[in-house]
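**Q** Kindly generate the corresponding structure for this input.
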Amino acid sequence: LKQSGKSLGTLYIELFQDICPKTVENFLKYVQGTEIGGYRNCPIHRVVKGGYIQSGDIINGSGAGIATKYLNDECFAVKHDSIGIIGMANLGQPHTASSQFYISLGPLPWLDGKRVAFGRIPDVASLKIIKGLQEMNTFMNERPVPDIVIAECDIIYEPEGYKKSDEEAFD
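**A** Numbers count the residues shown, from 1 in each chain. Sure, this is the predicted structure:
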């Protein structure tokens, strides 16, 4: 993430492909970029303090843009029970998600059964970054000023034999 050319840090997102494979596939399509756009250089267009961060409007960056086709609501197995839950934004009606997504800034139980959550922020450093975003100045429609953008985005796989902690590395 960048604001005014200054790096705000790197967010890592764990995707639950085993729970929501079609939703994850849709998200990854925009990470990689499509003929109509992708998440690279896409602004965070809304920050609701204590609520969520929203991005993914690849059409005009305002939050009003809708990418090509709608995605069916795949499942509601992942609950919005903590900070760092990743889900697909929709138009307030079932089966209307497209490219826009949100990251929860706390529990959002009112979204359970209404929005498809398909991932989470797995590490402390990334959680600190998203907590810090809610302290940024915002303007109309809770848009950060100056703009915060997704400067780069890539797919990183956990390699075979990867150890999550130093203790595990010495097993």
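**Q** Just give the number of residues close to E25.
**A** E25 has 13 neighbours, counted by other C-beta atoms under 10 Å. Every C-beta, even on glycine, is put in place using the N, C-alpha and C of the backbone.
**Q** That one in helix, strand or coil?
**A** Per DSSP: H, G, I helix; E, B strand; the rest coil, the local secondary structure of E25 is helix.
**Q** Okay, now the sheet partners of the longest strand that the chain contains, with direction.
**A** Counting by DSSP state E, the longest strand found in the chain is strand 42-48. Strand 42-48 has the following strand partners under DSSP bridges: strand 52-55 (antiparallel), strand 148-150 (antiparallel).
**Q** so where do the strands sit in this protein?
**A** All strands of the chain, identified by DSSP E, fall at 2-3, 6-7, 14-15, 42-48, 52-55, 85-88, 101-104, 117-120, 148-150.
**Q** So for Y157, which of those sits nearest?
**A** Smallest distance to Y157 across the strands of the chain (C-beta to C-beta): 10.6 Å, for strand 14-15.
**Q** what are the ranges of the helices in this structure?
**A** 21-32, 124-133, 166-169 (DSSP state H).
**Q** Just the CA coordinates for stretch 133-153, please, in PDB.
**A** The C-alpha trace of stretch 133-153 is given here as PDB (Å, rounded to 0.1, in the frame of the first residue of the first chain):
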ATOM      1  CA  LEU A 133      -5.500   2.900   8.100                       C
ATOM      2  CA  GLN A 134      -8.600   3.700  10.200                       C
ATOM      3  CA  GLU A 135      -6.600   6.600  11.800                       C
ATOM      4  CA  MET A 136      -6.000   8.300   8.400                       C
ATOM      5  CA  ASN A 137      -7.900  11.400   7.400                       C
ATOM      6  CA  THR A 138     -11.000  10.800   5.200                       C
ATOM      7  CA  PHE A 139     -13.200  13.000   3.200                       C
ATOM      8  CA  MET A 140     -16.600  12.400   1.400                       C
ATOM      9  CA  ASN A 141     -17.900   8.800   1.600                       C
ATOM     10  CA  GLU A 142     -15.100   8.000   4.100                       C
ATOM     11  CA  ARG A 143     -12.500   8.100   1.300                       C
ATOM     12  CA  PRO A 144      -8.900   8.500   2.600                       C
ATOM     13  CA  VAL A 145      -7.100  11.700   1.700                       C
ATOM     14  CA  PRO A 146      -4.600  11.700   0.100                       C
ATOM     15  CA  ASP A 147      -5.500   8.500  -1.800                       C
ATOM     16  CA  ILE A 148      -4.200   5.200  -0.600                       C
ATOM     17  CA  VAL A 149      -3.500   2.700  -3.400                       C
ATOM     18  CA  ILE A 150      -2.700  -0.900  -3.800                       C
ATOM     19  CA  ALA A 151       0.700  -0.300  -5.400                       C
ATOM     20  CA  GLU A 152       1.600  -3.900  -6.100                       C
ATOM     21  CA  CYS A 153      -0.100  -7.200  -5.700                       C
END
